[in-house]
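Peer 1: Sequence first, then the predicted structure:
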Amino acid sequence: MQVKWRNNLKNGWRYAALAPILLLNGCAGNPYWIFNPKGLMADTDLFYLILDVVIMGSIVGLTALLVIWFMWRYQKGKNRGKYDPTWSHSNTIEVFVWGIPIIAVGFLSWFAVKGTFEINPYNPTVITNHMKPNGDPVEVDVIATDWQWLFVYPQYHMAVTNELVLPAHTPVFFRLTSTAVTTTFFIPQLVGMIDVMPGMRTKNALESNNIGEYQGIASDYAGAGTSWMTFKTKMLSSADFGQWVQKVQQSPTSMTYTSFNHYAEPYIDVHHKVAYFSSVQNGLFDHVIDEVMNGKTWPIPPMMTENMVAYMQKQDAEHRD
Amino acid sequence: MLVDLAGGWNPMLGRLAWSQIPYDNPILAPLFVAVVIGTIIILGLITYYGKWTYLWKEWLTTVDHKKLGVMYIILGLVMLFRGFIDGLMIRTQQAWAVGTHSSGVFGATHGYLTPFHFGQVYSAHGLIMILLAATPLLVGFMNIIVPIQIGARDMAYPYLNALGLWITAAAGALIMISLFVGDFAHNGWFGYAPIFELQYSPGVGVDYWIWTMELVALGTTLGGINILATIIKMRAPGMSWGRLPIFVWASLSANVIALTSFPALQVALGLVAADRYLGAHFFTAGLGGNLMLYTNLFWIWGHPEVYFVILPAFGMMSEIFPTFSEKPLFGYITMVLASLAIAGVSWLVWLHHFFTMGAGPYVNSAFSVATMLVGIPTGVKVFNWAFTMYRGRLTFNAAMLWAIGALFLLLIGGLTGMMLAVPAINYMVHNSVFVVAHFHSMLLVIVYAIFASVIYWFPKVFGFKLDEFWAKTMFWLFSAGTTLVFVPMYMLGFMGMTRRLDYVFNTAWHPYLLVMEFGIVVYMISVLAFFALLYVSIRDHAKNRVGTDAWGTSRSLEWLTHSPVPFYNFAVLPHISTRDEVAWRRDNGIDHVQPDHYEDIHMPNNTGVAIILGGLTFVLGFALVWRIWWLCILSLLAIMALVIYRSFKGDPGYIITAAELEEMEKDAMRREAQIGKQHYRVGGGVLGDAIAYERSDLPPLASQPGSSVGLDHRS
């Protein structure tokens, strides 16, 4: 019931509110990732965005019109409006100037709180409330290094770097941590941002019914390689996903605690290198958190990218894994 | 050494070495040469015209709040320019380094700035714009205007005032020298934990960042104490709380925030310094450190700081709208309550700077609602400005245009702020350029209000008006720049473009980035228009001289005294009878009544101690950055010795005798009479033969202007 009401409102308002932007870009596909969500989480976020803009936009818009009207009507020398040099108070107007913001804020607060629970990264009710009892969610452990992403699939004992592949129509639950510094995990069309911090575990979740390829971004500055720390996110049908899992599991390389130590050293992923690891040592995610909490760091050399060209030559010469 | 340092260290020079001077950097080396040549020219000109004594006696050692304020504003404008150049560099890099095929020069694979350099540029841009441009500009205006508006002769602590300026200037010098000696932090102006730890930022950049901020924090705290004490203790007779000009209320609420929040920053940065200098683990990821604690501590200061800079800007707008609407501010009491409410709520919202850090939904909800509460008093303020214009007589001169521009930017910033306050929306645009566009909208409210104030109060401080044509030209150019830069930035935010990219991976964003680049060029032209404005105005200053009430429709007390304001502010302290005192006196035809006799005035002496302490503070900061311990100890001891010396010596001040005062007043009145806009009545006249400045002989209060609703003025 509520969902239906919301969908009506959402579709109606979405196109009304976004009409000018959609018209501009109608032909070349929609580059507005935020307005073009392809997953439940991002979709819910857009609903609140539209709601907020409609309410606040109407108040702000009317206020702007009011100011412009006053500017026109009371311009000196035009004698359009009455000049009252002593008028500076009105209880009626005071009630309105306090009342309107209070009502608007009260109304929006209700929705803000509601939305916060719906997309709570630790338990997004927008996903968890409709999960089938025997649902088979996919789990992904995300480990951010300086400056790559490692996606570990504990259910399949495998891992992939710098590419996230997921089945559509399936809830996906992430656990996230980082080796060295803080960054943020963000797939604009699928799920909002969550910080990824060393020595700590955050969570996130997404679900999408749209097969396709979406951009993932490290959206918080993490040092020299941040701008290249992107990853493609592929939503596949469950059959394609199964095939892909098999492909990864045939990879000759594997990831152990020792090889991870080397992998996690600073590396600028200019070439968007994707690597498959058919097996991953059990508990790698928890192991990384433990190590960091016990003081393990992956230091960065001084002046690392003072000359980026020279640094890239050096990095390429190392032929890392 | 308590910590292992990459690179060398020696007892004499600390970490300083030739390799730390970027003489081979193709951007910095020519800039350094230009700076050296420019400095030589300026110093040469001062020597040629023999102005050293004048400079030392009249400016560098002054304790006059107006001159200190002017120097704060000059410092702020210089740093605003530096910050603007940083902005230009950021925009150029992002317009250039788009897609894998974009070219690269100067050691960058794309564009002309390497990631390391780009990080420094935007970190410096943010820090400079907030702490060394906006803050000194606003502190400067508060310095100049607050004492005059409350009818005081100076700040409560004139020497402390000078000290605050020179410590702030030392911070400015420290961040400027980081251009040429060593490097600056790359961790953003607010600092990410743990990237500022020694393992991830082994250079001196973060140390520059720590000590620059510590010094600004110290300077601003001292200034805050001073302004608070001044407002509370130095008001003229009759200046009750209900009659306080609105800008003073705004300053009061802002400085309550400053006084209570800056210590949090100093502690947070002190702990970062402990990590980096002593090998502590306050904010490291491991060994018991808690990096989230830093983020909390920083924003516990950081958010109140945002309101510390916006509240005076609101106060400025609240002064300018009534003057050019020719009627009192609508809802004075509401405005005061709104300012205090904003100041109060500012403490309860810091977590909205990191909704995405992984707090649970209860925490995020609480801070979301608290953040939206700010929208209530802010909305009230906007409505009140609108109703100030209602039934007014609006003159759209340059000052009014800038103030109206600020109002519209506030509407946009408010709309987007209410979006960011909702976690469900915030998750999508946090760390995106949408946030960047939002807070630039808000900070531009401040910039607009500052330029409005520069135009509005310039004649009060210097005695002549700025050129209207160039002021308006600058306004329209600046507004065109604002539109061209920030409309595409909002759009890019909705496209998912994130912050701080020194390489832009998505070529679909390129057209927008190019429009922004064009916008920043328009900004550059508006900067040139500002220089033209100053040049033309100073050239034609004889034509644009003004009397006491420069605008003819002013309302508050600063317009009662001469323009330029004499160093003693008021020859005889005025008695305040009502809110909007000058408007009331003008309406009753007594605005030019002068006192018929004068009394001796006690004034503070100039002192060189403040600037020397500022210099020593700079040396201390520099020594700390480079870990030159002997110099640290030496400068610290010198600072302590000087402070103790000054405390024991004190300042007996000096006396301006009544005769001298009368002579100076006559001069001022003669000057103003020549402008033909003033007709003084000295004593006597319509008011009998009592002292005109005494409350008893002012007309009965029944003749008050409309500001009388609300608080009763008949104290």
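Peer 2: Sure thing, it's come through.
Peer 1: how close does residue A:205 get to residue A:238?
Peer 2: As judged by CB to CB, to the nearest Å, residue A:205 and residue A:238 stand 18 Å apart. C-beta: built from backbone N, CA, C; applies to glycine.
Peer 1: With residue B:109 instead?
Peer 2: Residue B:109 is 40 Å from residue A:238, by CB to CB.
Peer 1: do residue B:544 as well
Peer 2: 77 Å.
Peer 1: Neighbour count for residue A:205 and residue A:238, which is higher?
Peer 2: Between residue A:205 and residue A:238, counted using other CB atoms under 10 Å in any protein chain shown, residue A:205 has the larger neighbour count: 25 against 12.
Peer 1: check contacts around that one.
Peer 2: Contacts for residue A:205 (CB atoms under 8 Å, 6 or more residues apart in numbering or on different chains) come out as A:41, A:121, A:124, A:127, A:128, A:171, A:172, A:173, A:174, A:191.
Peer 1: out of these, who has the most neighbours?
Peer 2: residue A:191 (31 neighbours).
Peer 1: Quick check: closest non-adjacent residue to the closest residue to chain B within the stretch 101-250 of chain A.
Peer 2: Across the stretch 101-250 of chain A, the shortest distance to chain B (CB to the nearest CB) belongs to residue A:192, at 2.7 Å. Leaving aside its chain neighbours, residue A:192 sits nearest to residue B:427 (2.7 Å; criterion: CB to CB, 6 or more residues apart in numbering or on different chains).
Peer 1: Next, see if stretch B:101-111 gets close to chain A.
Peer 2: Yes. Stretch B:101-111 lies within reach of chain A by CB under 8 Å from any CB of the partner chain, at B:104, B:107, B:108, B:109.
Peer 1: Now that stretch: buried residues?
Peer 2: B:102, B:104, B:107, B:108, B:109, B:110, B:111 (16 or more other CB atoms under 10 Å in any protein chain shown).
Peer 1: Figure out how far the strand or helix carrying the residue of the stretch 101-250 of chain A closest to chain B is from the centre of its chain.
Peer 2: Assigned by DSSP states H and E, residue A:192 belongs to strand A:191-196. Centroid separation for strand A:191-196 versus its chain: 5 Å, with CA atoms, centre = their mean, to the nearest Å.
Peer 1: Quick check: neighbours of that strand in the sheet, parallel or antiparallel?
Peer 2: Applying DSSP bridges to the sheet, strand A:191-196 is found paired with strand A:183-187 (antiparallel).
Peer 1: what is the mean pLDDT for the partner strand?
Peer 2: Averaging pLDDT along strand A:183-187 gives 96.
Peer 1: just stretch B:49-63 next, same as before
Peer 2: If you average the pLDDT values across stretch B:49-63, you get 94.
Peer 1: in it, what's buried?
Peer 2: Across stretch B:49-63, burial judged by 16+ other CB under 10 Å covers B:59, B:60, B:61, B:62, B:63.
Peer 1: Columns distance to chain A and secondary structure on top of these, output as CSV?
Peer 2: Below are these laid out as CSV (distance: CB to the nearest CB, whole Å; DSSP: H, G, I helix; E, B strand; the rest coil):
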residue, distance to chain A, secondary structure
B:59, 39, helix
B:60, 38, helix
B:61, 42, coil
B:62, 38, coil
B:63, 38, coil
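Peer 1: Now do the end-to-end distance for stretch B:228-240.
Peer 2: Terminal residues of stretch B:228-240 lie 15 Å apart, using CA to CA, to the nearest Å.
Peer 1: For the stretch 1-150 of chain A, give the residue positioned nearest to chain B.
Peer 2: residue A:86 (2.4 Å).
Peer 1: what helix or strand does residue B:493 sit in?
Peer 2: helix B:468-494.
Peer 1: elements contacting that helix?
Peer 2: helix B:398-420, helix B:433-462, helix B:510-539 (3 or more CB pairs under 8 Å, 6 or more residues apart in numbering or on different chains; DSSP states H and E).
Peer 1: Which of those sits closest to chain A?
Peer 2: The nearest among the helices and strands packed on helix B:468-494, by CB to the nearest CB, is helix B:398-420 at 4.7 Å.
Peer 1: Just the angle for that closest one relative to helix B:510-539, thanks.
Peer 2: 150 degrees (axes from the mean of the first three to the mean of the last three CA atoms, to 10 degrees).
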